[in-house]
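[1] need a structure here:
(chains A and B)
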Amino acid sequence: MYTFNLTDEQRMLTDMVRRYAERTLRPGAREAEESHQIPPETIRQGWELGLLPASLPEAYGGFGDYSLLNGALIIEELSCGDLAATMALLAPNLVATPLLLSGTEQQKQQWLPRFCDETMPNVAAAFLEPVLLFDPEHLKTSATPDGDAYVLNGEKSFVIAAPQAEDFLIYAHDTGSDSTQAFLVPASTPGLQVGEREKWMGLNALATYRLSLEAVRVPASARVGHEKGLHLQSVLNSSRIALGAAGVGVARGAYIYAREYAKEREAFGEPIAHRQTIAFMLADMAIEIDAARLMVWEAAWKLDQGQNATHDAYLAARYAAGMALKVTDGAVQVLGGHGYIREHPVELWLRNASGLATLLGTMSV
Amino acid sequence: MPISFEMPESVKNQSQLTQMVAEQVMRPSARYYDEHEHERPTTFIEFIWPFMKGMEAANLKQSLKRAQKEDTPASKGDAKKQSSFQVGMIHLIENLSWGDAGIYLCIPGSALAGAAIHAVGTSQQKERFLNRFAHGGPKWGAMAMTEPQAGSDTSAIRTTAKLDPETNEWILNGEKIFVTSGSLALAESDGLVVVWATLDPKLGRAGMRPFVVEPNTPGVSITKKEHKLGIRASDTVSIVFEDARIPYDNILGSPELKQVAQKGGKGFKGAMKTFDSSRPWVAASALGVGRAALAFTRERLADEGIAVPEAAPYHRLSAIQNDLLEMEANLKGAWLLTIRAAALMDAGESNSLEASMCKVKAGKAVTLITQKCVELLGPLGYSRELLVEKWMRDAKINDIFEGTGQINTLIVARRILGYSRRELK
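    Presented below is the predicted three-dimensional model:
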């Protein structure tokens, strides 16, 4: 049967996350963007919601089940509040998820309980690279087998909170198996250097850094999944769902804001929402957001059911990212000159939406 | 019930039949009926009728049961039995339209007339008018709303219904155009047409009522068969009413609604309610055509060595691959919106907004897809040797009938803004 209603549990979960997003993320977003930092209190409060432990199995210290659909519901609510803070809050997921999906039993026992602590673990994933044409299946960072070790070389980008990280999860092209693999690397490993804080068009509240690797040596056991290795498509699929849900969340926020503005703002004697061009823009936004959300949900549901839904997830991520850009652009347009000023949030949402498509998009699509 | 995209078992079973009919009965004759406009696809009709009869019977039974439950006070608390009629219809229509959209529109059954009778009719009327569709040979239901001067603005219809108190009959006068299956319903079977007429033109929407007109009614004549851009197999006619008399009880609805009064626009609301099911049906038909065009194009391109990757970074995609992915995503988004609209109705929940949303999206998606597919297939795409050009012509109507894309966008806009026509024209 086709049903689209949340369970009571899901409703409680999304209500809780929405409250946090509305009361904490949204109000603080402009200041965080301008000052290039997120108040630690915001992150602490978010961590205390227990979202990551709620998605990890009890065997590893969590109290829930891994569900991409639940993840999509949560990420939509958070992103509707603020995307930069969402990504800061979800940074540990970028390490926990590949371990959960592909780690050896020993790796899972060793690492996953850290994600169920009272305080956020200081770990960071390094996937993206500062190149023009990024391809997750053909990374420039290399991992060359050398006896019972690997030697890593390359340059990483978009590493969230790198200076604070005690451990990194670094994705590299394993020259031995000619495939993308992930490696657990302590921050103290020689050859690993945290670089400059990066400057982006948007998402400036999110602290991301370059990470350079010069002959970084790690034991073979540092490879996620050890001999079996990484199931890349599973990891990418979880990114795709996250990206899709984030696109829906950002777009929803922009659409609602533009809609309410249009009902108040007057021109030629009436609210501009009384004009078809504006009203029709808003109607199309509503339709596109719903369509994208259903695509994300379907892909997530299929993956949770154990179906091969890589193509569905890919399509949903592409569509939602493009949709988010269009909707946020439309929101700026509806607000006109006022939309262009860094006071109303719509111009920030446009900049952030572009980041979704380009940063996250290049990683997962 | 948690979120689920599980296809109901009944639909899985039905899909086997409809796919087979589409492939083996409809496709092979698609070009023939496109070039022989107004000939009847009898093989298809005879093949699908037993199945449609079964669906009509089941739906009527379900509808009567539901109405009964709503009437008894004790049952107010009962959970409505989950129907899957609308979801089933969506799949059926999509599959058959993949076969041929024009031939699909010749499908026997109560169709839009049934939608109106289910939406507004009393239980007695449902039995009286809909029983016929569960028995005997193929028959058609049709809806007559549009007039030469009134399309999107349904409140501007001028067909009148005047009550003759002496004979207790309604007298209909006027002209309806673009009636799908009008001839099939009135002249070629023991079907019926639901005709929207006004009790008083000065009342605008408030005066509109639905009337059931049956075959062999004196004063009713089919005056024109249309020649169309696409869906040429579909029967599209004009019907003229000249002092046509119909029984008093052929006005649909409960006694209050029948009053010749200024009492509100319930009649119009009844029309609106039928759209809650018919709009997703049209969206489904559009998406069947879209799927046909996209699948065909993908296959032809695959023959030329152009395949769509499961997932790939943007810079590794050729322009054509990107186009294919874009079309596929639009088709899927529109499809899920359509399923949602149907599922809400099956669950007994309000779905007007969602029905309009899916119609808008499907209309846009199928226009994009079919026009692009012709383009992508080069000169052959334009040729009448292939069906692709026909699918583009067939697709276009879906953004027009059952409410244009613009009207449906207007409906969505008013709903999301909380506006009436006072604020948003």
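
[2] Rank the helices and strands of chain B by mean pLDDT and give me the bottom one.
    Ranking every helix and strand in chain B by mean pLDDT, DSSP states H and E puts helix B:255-258 at the bottom, with a mean of 56.

[3] and the helix or strand that that helix is followed by, which residues are buried?
    The helix or strand immediately downstream of helix B:255-258 is helix B:266-303, counting by DSSP states H and E. By neighbour count on 16 or more other CB atoms under 10 Å in any protein chain shown, the buried set for helix B:266-303 is B:266-268, B:270-294, B:296-298, B:300-301. Bear in mind the C-beta positions are built from the backbone N, C-alpha and C, glycine included.

[4] Within its local environment, how many residues does the spatially closest residue to residue B:228 that is not a sequence neighbour see?
    Spatial nearest neighbour of residue B:228, chain neighbours left out: residue B:236 (6.3 Å); criterion: CB to CB, 6 or more residues apart in numbering or on different chains. Residue B:236: 24 surrounding residues under other CB atoms under 10 Å in any protein chain shown.

[5] Show me which positions of the strand or helix carrying residue A:244 end up buried.
    Applying DSSP H and E as the criterion places residue A:244 in helix A:232-264. Judged by neighbour count using 16+ other CB under 10 Å, the buried positions of helix A:232-264 are A:232-259, A:261-263.

[6] Check which element follows it along the chain.
    Downstream of helix A:232-264 (by DSSP H and E), the next one is strand A:266-267.

[7] now that following strand, how far from the centre of its chain.
    38 Å (CA atoms, centre = their mean, to the nearest Å).

[8] Listing partners with orientation, what would you give for that strand?
    Strand A:266-267 pairs in its sheet with strand A:270-271 (antiparallel), by DSSP bridges.

[9] Pull the distance from the partner strand to the chain's centre.
    Per CA atoms, centre = their mean, the displacement of strand A:270-271 from the mean C-alpha position of its chain is 38 Å.

[10] cool, stretch A:9-16 as well?
    Taking mean C-alpha positions (CA atoms, centre = their mean), stretch A:9-16 and its chain are 20 Å apart.

[11] what do you get for stretch A:189-197?
    Worked out by CA atoms, centre = their mean, stretch A:189-197 lies 23 Å from the chain centre.

[12] neighbouring contacts of it?
    Applying CB atoms under 8 Å, 6 or more residues apart in numbering or on different chains, the external contacts of stretch A:189-197 come out as A:152, A:159, A:162-163, A:165, A:168, A:185, A:187, A:207-218.

[13] which residues sit in contact with residue B:18?
    Residue B:18 makes contacts with B:91-92, B:95-96, as judged by CB under 8 Å, 6+ apart.

[14] Can you show me the helices along chain A?
    Under the criterion DSSP state H, chain A contains helices at A:8-20, A:26-35, A:40-47, A:68-81, A:83-90, A:93-102, A:105-111, A:232-264, A:276-304, A:310-340, A:346-355, A:361-364.

[15] Mind giving me the packing neighbours of the second one?
    When contacts are defined as 3 or more CB pairs under 8 Å, 6 or more residues apart in numbering or on different chains; DSSP states H and E, helix A:26-35 sits against helix A:83-90, helix A:346-355.

[16] Give me the below-cutoff pLDDT ranges for the chain.
    Unless you meant another one, I'm taking chain A. A:360-365 (pLDDT under 70).

[17] hm, I was asking about chain B
    Filtered on pLDDT under 70, chain B yields the residue ranges B:70-81, B:254-267.

[18] So which residue is smack in the middle of it?
    Of all residues in chain B, the one closest to the mean position by CA atoms, centre = their mean is residue B:278, 4.1 Å from it.

[19] With respect to residue B:342, which of the helices of chain A lies nearest?
    Set against residue B:342 and scored by CB to CB, the helices of chain A come closest in helix A:276-304, at 12.9 Å.

[20] how about the closest one: buried residues?
    Neighbour-count burial for helix A:276-304 flags A:278-304 (criterion: 16+ other CB under 10 Å).

[21] how about it, does it reach chain B?
    Yes. Among the residues of helix A:276-304, A:276, A:279-280, A:282-284, A:286-288, A:290-292, A:294-295, A:297-298, A:301-302 lie within reach of chain B under CB under 8 Å from any CB of the partner chain.

[22] Farthest from the middle of chain A: give me that residue.
    Extreme point of chain A relative to centroid (CA atoms, centre = their mean) is residue A:269; 43.2 Å.

[23] Hmm, residue A:282 is touching residue B:415, no?
    No. In this structure residue A:282 lies outside contact range of residue B:415 using CB atoms under 8 Å: 10.7 Å.

[24] got the angle between the helix holding residue A:244 and helix A:276-304?
    Using axes from the mean of the first three to the mean of the last three CA atoms, to 10 degrees, one finds that helix A:232-264 and helix A:276-304 are set 150 degrees apart in direction.

[25] now helix A:232-264 against helix A:310-340, angle please.
    Counting by the same axes, to 10 degrees, helix A:232-264 points 30 degrees away from the direction of helix A:310-340.

[26] if we can go back for a sec, and chain B, which of the buried residues of helix A:232-264 reach it?
    Among the buried residues of helix A:232-264, chain B is touched by A:233, A:236, A:259, A:262-263 when using CB under 8 Å from any CB.

[27] Just name the closest of those to residue A:324, please.
    Closest approach to residue A:324 among those (CB to CB): residue A:259, at 16.1 Å.

[28] any idea how far residue A:330 is from that closest one?
    11 Å (CB to CB, to the nearest Å).

[29] Just the buried ones out of the contacts of stretch A:189-197, please.
    Buried, going by 16+ other CB under 10 Å: A:152, A:159, A:162, A:165, A:168, A:185, A:187, A:207-211, A:213, A:216, A:218, out of the contacts of stretch A:189-197.

[30] Quick check: the farthest pair among those?
    Pairwise distances among these were taken by CB to CB; the largest, 25.0 Å, belongs to A:207 and A:218.

[31] looking at this, residue B:161 is in a helix?
    No. Read with DSSP: H, G, I helix; E, B strand; the rest coil, residue B:161 is strand and lies in no helix.

[32] close enough to count as contact, it and residue B:171?
    Yes. Counting by CB under 8 Å, residue B:171 is a contact partner of residue B:161 at 7.1 Å.

[33] which of those two has more neighbours?
    residue B:161 (26 against 18).

[34] Name whatever forms a beta bridge with that one.
    Beta-bridge pairing of residue B:161 under DSSP bridges involves residue B:172.

[35] residues touching it, list them.
    B:170-172, B:197-199, B:209, B:211, B:251.

[36] repeat that with 6 Å
    By CB atoms under 6 Å, 6 or more residues apart in numbering or on different chains, residue B:161 lies in contact with B:170, B:172, B:197, B:199, B:211.

[37] Kindly report the same for residue B:270.
    Contacts of residue B:270 (CB under 6 Å, 6+ apart): B:119-120.

[38] what do you get if the cut-off is 8 Å, keeping everything else the same?
    Neighbouring residues of residue B:270 by CB under 8 Å, 6+ apart: B:116, B:119-120, B:210, B:252-253, B:257.

[39] Distance check, it against chain A.
    Distance from residue B:270 to chain A, counting by CB to the nearest CB, to the nearest Å: 25 Å.

[40] In contact with residue A:344, which residues are there?
    Taking CB under 8 Å, 6+ apart as the criterion, residue A:344 is in contact with A:257, A:261, A:335, A:338.

[41] Can you tell me which of the residues you listed is closest to residue B:130?
    Nearest member of those to residue B:130, counting by CB to CB, is residue A:257, at 47.8 Å.

[42] What distance do you get for the closest one to residue A:332?
    For residue A:257, the distance to residue A:332 equals 10 Å [CB to CB].

[43] Perfect, I'm done here.
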